[in-house]
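Participant: The amino acid sequence is not available; the structure is as follows:
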């Protein structure tokens with residue numbers, strides 16, 4: 001066979017190998033070789049637990065902290081469906097060896113990968129994994145990190161490597177009025193500053209804060225290089241004024257239009273007194289919305305909830321569903337669908353959106369049409385609890401049909417300010 005995974009178990013003076021391909025069959029056998037006796041033994045079914053599924057081109061390392069073999073990814077064929085996304089570990093205590101498979105959760109998973117390279121970092125208890133071909137069948141240059149600090153599980157994440165502010169599109173954004181900070185999250189970013197076409201771009205997981213008082217950009221998370229928040233574009237963010245934190249939702253990764261990975265995870269990014277932010281994954285109750293990117297969102301401070309409309313889930317396609325993530329009962333929130341009267345927008349992606357905090361109203365409109373082209377209508381959503389209602393906005397001098405226009409609401413003159421977007425031909429800079 002070829003392309004097995006293996007580690008040297010120094011404690012028990014043996015080589016452990018797993019998986020591989022014999023030219024006909026992908027397997028998930030586990031073997032032991034003991035040089036002292038020059039013997040091979042097939043341990044498939046002998047070691048306890050359920051072994052990982054068949055695969056080859058596996059990334060493996062020896063977790064010296066917890067004395068276990070850790071594996072990630074691999075493939076059992078040549079299609080996207082055969083790229084493995086799970087992690088697993090084999091405890092190596094002699095006589096009680098046990099396999100444990102750690103599956104990633106849909107809507108919250110890093111892409112699978114095969115033919116990667118890396119090592120185990122015992123100081124930080126991280127299993128570092130670079131490059132490879134992912135489950136979108138695209139070559140990667142990201143550095144994944146599996147947290148091995150717990151002896152009973154594994155947690156997948158990614159290193160934040162972008163130490164300079166790169167230009168990008170489809171990032172999430174929101175404003176923190178408490179600290180006068182603007183946040184941007186992820187996006188599809190240029191690798192080469194001279195590359196005008198973004199051909200060599202990639203998704204990123206970095207988070208940047210613009211400090212308006214000092215007119216500079218700084219990384220939001222400056223005390224930790226590893227984060228379980230993985231690279232993506234099309235995530236959305238709001239600022240929770242009741243708890244002084246950003247809330248981040250969803251997004252998309254993968255460079256193929258047919259094999260993208262989408263997210264429906266929810267994160268909190270909260271600052272301390274010094275303006276240093278801490279990222280925390282939330283665990284909302286209720287039925288989650290489908291994984292998606294580029295919806296429209298707003299934070300309803302009166303009713304303590306994030307409201308979300310539309311987006312693209314790449315399954316049903318463009319959405320016209322309305323959701324709320326209510327924090328009234330828990331800081332982690334509770335998901336539920338929201339029903340509003342009136343005529344709602346049609347299915348859309350990457351709309352114009354902004355929250356009017358004075359009138360407790362969400363502005364929503366424009367954006368991509370599911371059938372192609374762009375919407376030119378703008379709506380308002382009255383967020384009076386129990387009486388939520390859609391209505392159209394009729395105003396002279398309205399912007400032309402487009403997607404990706406951004407907007408903010410200014411309380412001092414009770415006005416929305418809107419800028420830019422793309423109309424299918426031109427990237428616009430009107431306001």
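Facilitator: Structure's in. What do you need? Please read these numbers as outputs of a predicted model, since none were measured by experiment.

Participant: For the least confident helix or strand in the chain by mean pLDDT, which outside residues touch it?
Facilitator: The weakest-scoring helix or strand in the chain, judged by mean pLDDT, DSSP states H and E, is strand 226-227 (a mean of 74). If you take C-beta atoms under 8 Å, 6 or more residues apart in numbering as the criterion, strand 226-227 is touched by 124, 126, 145, 147, 157, 158, 159, 160, 205, 221, 279. In short, each C-beta sits where N, CA and C put it, glycine included.

Participant: With respect to residue 389, which of these is nearest?
Facilitator: Using C-beta to C-beta, residue 279 is the member of the contacts of strand 226-227 that lies nearest residue 389, at 35.4 Å.

Participant: In contact with the closest one, which residues?
Facilitator: When contacts are counted by C-beta under 8 Å, 6+ apart, residue 279 touches 207, 220, 221, 227, 229, 267, 268, 269.

Participant: The last one belongs to a helix, doesn't it?
Facilitator: No. Note on residue 269: no helix contains this position according to DSSP: H, G, I helix; E, B strand; the rest coil, which reports strand.

Participant: nearest to residue 109, of the contacts of residue 279?
Facilitator: Closest approach to residue 109 among these (C-beta to C-beta): residue 229, at 12.6 Å.

Participant: coming back round to it: which one among the contacts of strand 226-227 gets closest to residue 77?
Facilitator: residue 158 (25.6 Å).

Participant: where does the closest one sit relative to residue 241, distance-wise?
Facilitator: Using C-beta to C-beta, to the nearest Å, residue 158 is found at 29 Å from residue 241.

Participant: the more surrounded of the two?
Facilitator: With neighbours defined as other C-beta atoms under 10 Å, residue 158 and residue 241 compare such that residue 158 has more, 20 against 14.

Participant: And the helices in the stretch 51-200 of the chain?
Facilitator: Under the criterion DSSP state H, counting those that start in this stretch, the stretch 51-200 of the chain carries no helices.

Participant: Quick one: the strands in it, in order.
Facilitator: 59-63, 68-72, 87-91, 98-102, 113-114, 117-121, 126-130, 133-134, 143-147, 155-159, 168-169, 172-176, 181-189 (DSSP state E, counting those that start in this stretch).

Participant: Out of those strands, flag the one nearest residue 385.
Facilitator: Residue 385 lies closest to strand 172-176 among these, at 22.5 Å (C-beta to C-beta).

Participant: Can you name the helix or strand that residue 262 falls in?
Facilitator: Under the criterion of DSSP states H and E, residue 262 resides in strand 261-271.

Participant: hang on, the earlier thing: how about the contacts of residue 279 in CSV, adding neighbour count and distance to residue 235?
Facilitator: Shown next, in CSV, are the contacts of residue 279 (neighbours: other C-beta atoms under 10 Å; distance: C-beta to C-beta, whole Å):
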residue, neighbour count, distance to residue 235
207, 26, 10
220, 22, 14
221, 19, 15
227, 18, 13
229, 23, 9
267, 21, 9
268, 19, 13
269, 24, 11
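
Participant: which ones are touching residue 353?
Facilitator: So residue 353 contacts 296, 297, 298, 309, 362, 363, 364, 407 (C-beta under 8 Å, 6+ apart).

Participant: Surely the fifth one and residue 384 touch.
Facilitator: No. In this structure, residue 362 sits apart from residue 384 without contact. The criterion is C-beta atoms under 8 Å, and the distance is 11.7 Å.

Participant: ok so, going back, in PyMOL, select just the buried ones from the contacts of strand 226-227.
Facilitator: Filtering those down to the buried ones (16 or more other C-beta atoms under 10 Å) takes a single PyMOL command:
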select buried, resi 126+145+147+157+158+159+160+205+221+279
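
Participant: Check the spacing between residue 381 and residue 213 real quick.
Facilitator: 33 Å.

Participant: ok, residue 410 - contacts?
Facilitator: Residue 410 neighbours (C-beta under 8 Å, 6+ apart): 416, 417.

Participant: go with 7 Å
Facilitator: residue 417 (C-beta atoms under 7 Å, 6 or more residues apart in numbering).

Participant: Now do it against residue 79, distance only.
Facilitator: Taken as C-beta to C-beta, the span from residue 410 to residue 79 is 51 Å.

Participant: circling back: what about the contacts of residue 353, which one has the most neighbours?
Facilitator: Highest neighbour count within these: residue 364, with 30 neighbours (other C-beta under 10 Å).

Participant: Report pLDDT for it.
Facilitator: On pLDDT, residue 364 comes in at 95.

Participant: swap in residue 57?
Facilitator: Residue 57 is given a pLDDT of 95.

Participant: Name the nearest residue to it, ignoring sequence neighbours.
Facilitator: Nearest residue to residue 57, sequence neighbours excluded (C-beta to C-beta, 6 or more residues apart in numbering): residue 114, at 4.0 Å.
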